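> quick one, fold the following:
(chains A and B)
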Amino acid sequence: MKFSLGRYVPYDSLIHRIDPRAKLLAILFLMICIFFPYQSWAMTFAVDGAIFLLLVVLLYMTRTKIVDILRSLKSLWFMIIFLLLIYCLIPTTEPTFPLAFEVAAWNWRVYWDSFLQAAKILLRLMMMIELTMVLTSSTKPLDLTFALEWYMTPLKVIHFPAHEIAMIISIAIRFIPTLLEDTSRIMKSQESRGVSFSHGRISKRVVSLTSLIIPLFVSAFMRSDELANAMECRGYDPRGNRTRYRLLKAKWYDWVFLLFCAAVFGVLLWFSIDPRFNALLLFPAEVH
Amino acid sequence: MPITFSNVFYTYNPKTPLENAALNGVDLTIEDGSFTAIVGRTGSGKSTMVQMINALLSPSQGEVVVNEFINAADKKKRTKKLYKVRGQVGLVFQFPEYQLFADTVEKDVAFAPKNFGLKEEEALEEAHKALREVGLDESFDKRSPFELSGGEKRRVAIAGILAFHPNILVVDEPTAGLDPRGAFQMMELFEKVHKAGTTVILVTHDMNIVLRYADRVLVVDNGKIVRSSDPETLFFEDIEKYSLETPLLYSFVKGLSKRGFPLDPGKIHDVDSLAAEIAAKKGDKR
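Have a look, this model is predicted:
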């Protein structure tokens, strides 16, 4: 089995030990922070840089490997080109920075602002990916669904199927590794029968793919059937009142982490709203 | 040419927290035309070994040689187009019925021969032969494999491997989940294939089968070959330490010896030879 990106890694770091509910909310706070707008370029990059530093610390704490982080960025190269293209095509009406290049014949001017815009979006996208990585690599998927269910519980009043949704999500997550295992097993047995999944003509590869997909579907349906039977045998009733084996209890460091992230959120929100801060260090050209 | 493993190591998920060493220096030779059983507790590394014979896995260290194919950890030493070894080694996975996918039984069985270069009609012909060999008559040819019973499905899957006439046949737990009669027929089939000159490698937990069919046993424990001998010698020793169960026949012989009726285990392979031994002994006493 391949070690995929953002998959839960069973270390015992402080971040791993934080209550999933607190972690989910805290990460959500940080994620919103990433997208606050500021008037001045200086402020934008100063704040984004600060969040980036915080993220580096968090990633270090979850013991995510640098290689993994770099690998997560590898898929972004297409985005880089795409964003640059888009921002170069959108005309800058009130440029802050000098002209980068122009094609006079088409009346097309590109200012350095476009590149900065693209860099900003990229930085923010990257931070979002890393932040999700912090969450998913340090939290068991099942704990995450518990947290989701916990937040959805108040909605039960309006007959929102919180438990059912959480159950569906946790079953789906639970079966990802199982299905992956099935896939690799079926791939191997078809490879022993002379199938090659990586080379060959397209028409041949379509057949190879059906030889993988059909057995995979068959076994997935069989598993779901068995699971449904097993659950019913144990008297599963989605509306039943149930106790839980794993009890989530908030500890002091959960509160510290949550409050810290909430504080970061609060301060940055204030920075973003208050004109004294969000226009800090305006370039002369930015004053209109 | 025989199959040889020289100092083979294999690690799953290396350099991650899920790192797991499956093989820790395996050395073995399996002679051509032999019927070798590989036994050992769950997770001892049997399946990993078997997959290396078929080049589905490559060793992390050491090398595996099958016929003229070299599957080495060192990529430079590896035979080019190593996957071609799969045309000579037929690997039947555990619960092979899950690999069926075609709309008719004959097409599914003809799939592998076609992949290994036979034309459509030739492949179908081989498929029909293989189906008869596993004991499924013409009425099965056009049926969908998904409407068959579990035992029939397994036979179709095994026919799918036999159809390309591998000279090495590797079977992983072929009798798991079959009724005694089905299991017996399955083993008789492999015996027949073996008699026709194919090297058979059998992974199993059933020591009665090992005693009855295999001419050599390899005991795997913790990713190493800890014993390699003929079944008769092995089963007369204490094999509980490898989590193996003494075959019924031998626990009977051992029980008799304990009660003062020693028999020569080397001469006992099945119920008939046991009866003959007992009769001979009684004759002596009279």
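
> can you report how many residues neighbour A:L73?
The local packing of A:L73 (other C-beta atoms under 10 Å in any protein chain shown) involves 15 other residues. From N, CA and C alone the C-beta is placed, and that goes for glycine too.

> could you do B:K114 as well?
21.

> remind me which helix or strand the residue lying closest to it once chain neighbours are set aside belongs to.
Using C-beta to C-beta, 6 or more residues apart in numbering or on different chains and skipping the chain neighbours, the partner closest in space to B:K114 is B:A123 (4.4 Å). With elements taken from DSSP states H and E, the one containing B:A123 is helix B:120-133.

> does anything pack onto the very next helix or strand once past that helix? Which helices or strands?
Following helix B:120-133 in sequence order, the next helix or strand is helix B:150-162 (DSSP H and E). In this structure, helix B:150-162 packs against strand B:89-92, helix B:105-115, helix B:120-133, strand B:168-172, helix B:180-195, with contacts taken as 3 or more C-beta pairs under 8 Å, 6 or more residues apart in numbering or on different chains; DSSP states H and E.

> got these as a markdown table, with distance to A:L280 and mean pLDDT columns?
Converted to a markdown table, the helices and strands packed on helix B:150-162 look like this (distance: least, C-beta to C-beta, whole Å; pLDDT from 0 to 100):
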| stretch | distance to A:L280 | mean pLDDT |
| --- | --- | --- |
| strand B:89-92 | 68 | 94 |
| helix B:105-115 | 68 | 93 |
| helix B:120-133 | 76 | 94 |
| strand B:168-172 | 68 | 94 |
| helix B:180-195 | 79 | 92 |
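
> I'd like the ones you listed laid out as a markdown table, including distance to A:A279.
Putting these into a markdown table (distance: least, C-beta to C-beta, whole Å) gives the following:
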| stretch | distance to A:A279 |
| --- | --- |
| strand B:89-92 | 70 |
| helix B:105-115 | 68 |
| helix B:120-133 | 76 |
| strand B:168-172 | 70 |
| helix B:180-195 | 81 |
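
> out of the ones you listed, nearest to A:S40?
Nearest of the helices and strands packed on helix B:150-162 to A:S40, taken as C-beta to C-beta: helix B:105-115 at 64.4 Å.

> quick one: contacts of the closest one?
If you take C-beta atoms under 8 Å, 6 or more residues apart in numbering or on different chains as the criterion, helix B:105-115 is touched by A:193-195, A:211, B:100-102, B:120, B:122-124, B:126-128, B:130-131, B:136, B:140-145, B:148, B:156, B:159-161, B:163-164.

> next one: stretch B:210-222
Residues from elsewhere that reach stretch B:210-222 (C-beta under 8 Å, 6+ apart): B:24, B:26, B:28, B:30, B:34-41, B:44-46, B:49, B:187, B:190-191, B:194, B:202, B:204, B:225-232, B:234-235, B:239, B:242, B:244, B:247, B:249-250, B:269-270.

> next one: stretch B:38-45
With contact meaning C-beta under 8 Å, 6+ apart, stretch B:38-45 is reached by B:10, B:22-23, B:26, B:46, B:49-50, B:201-205, B:207, B:210, B:217-224, B:242-244.

> among these, which ones are in helices?
Counting by DSSP state H, the contacts of stretch B:38-45 place B:K46, B:M49, B:V50, B:M207, B:V210 in helices.

> now do the buried residues in stretch A:270-284.
A:F271, A:S272, A:F277, A:N278, A:L280, A:L282 (16 or more other C-beta atoms under 10 Å in any protein chain shown).

> so how far is B:G160 from the residue of chain A found nearest chain B?
Residue of chain A nearest chain B, by C-beta to the nearest C-beta: A:G194 (2.9 Å). Distance, A:G194 to B:G160, using C-beta to C-beta, to the nearest Å: 11 Å.

> compare these two (neighbour count), which wins?
Each of A:G194 and B:G160 has its neighbours counted (other C-beta under 10 Å); B:G160 has more, 30 against 19.

> and the helix or strand harbouring A:L53, anywhere near chain B?
Per DSSP H and E: A:L53 is located in helix A:41-61. No. If you take C-beta under 8 Å from any C-beta of the partner chain as the test, helix A:41-61 misses chain B, and the best it gets is 15.8 Å.

> and the contacts of that helix?
Residues from elsewhere that reach helix A:41-61 (C-beta under 8 Å, 6+ apart): A:13-15, A:30, A:33-34, A:36-38, A:69, A:96, A:116, A:120, A:123-124, A:127, A:130-131, A:133-134, A:264, A:268, A:271, A:277-283, A:286.

> just after it, pick out the following helix or strand.
Following helix A:41-61 toward the C-terminus (DSSP H and E): helix A:66-74.

> off-centre distance for that next one?
Relative to its parent chain, helix A:66-74 has a centroid offset of 14 Å by C-alpha atoms, centre = their mean, to the nearest Å.

> ok, now which ones touch the residue positioned nearest the centre of chain B?
Closest to where the C-alpha atoms of chain B average out (C-alpha atoms, centre = their mean) is B:L202, at 1.6 Å. Going by C-beta under 8 Å, 6+ apart, B:L202 touches B:F35, B:T36, B:A37, B:I38, B:V171, B:P174, B:F190, B:I209, B:V210, B:Y213, B:A214.

> tell me which of these is nearest to B:K281?
The closest of the contacts of B:L202, once distances to B:K281 are taken by C-beta to C-beta, is B:V210, at 25.5 Å.

> tell me the secondary structure at the nearest residue to the closest one once chain neighbours are set aside.
Nearest residue to B:V210 in three dimensions, chain neighbours excluded: B:A37, at 4.3 Å (C-beta to C-beta, 6+ apart). Here B:A37 is recorded as strand under DSSP: H, G, I helix; E, B strand; the rest coil.
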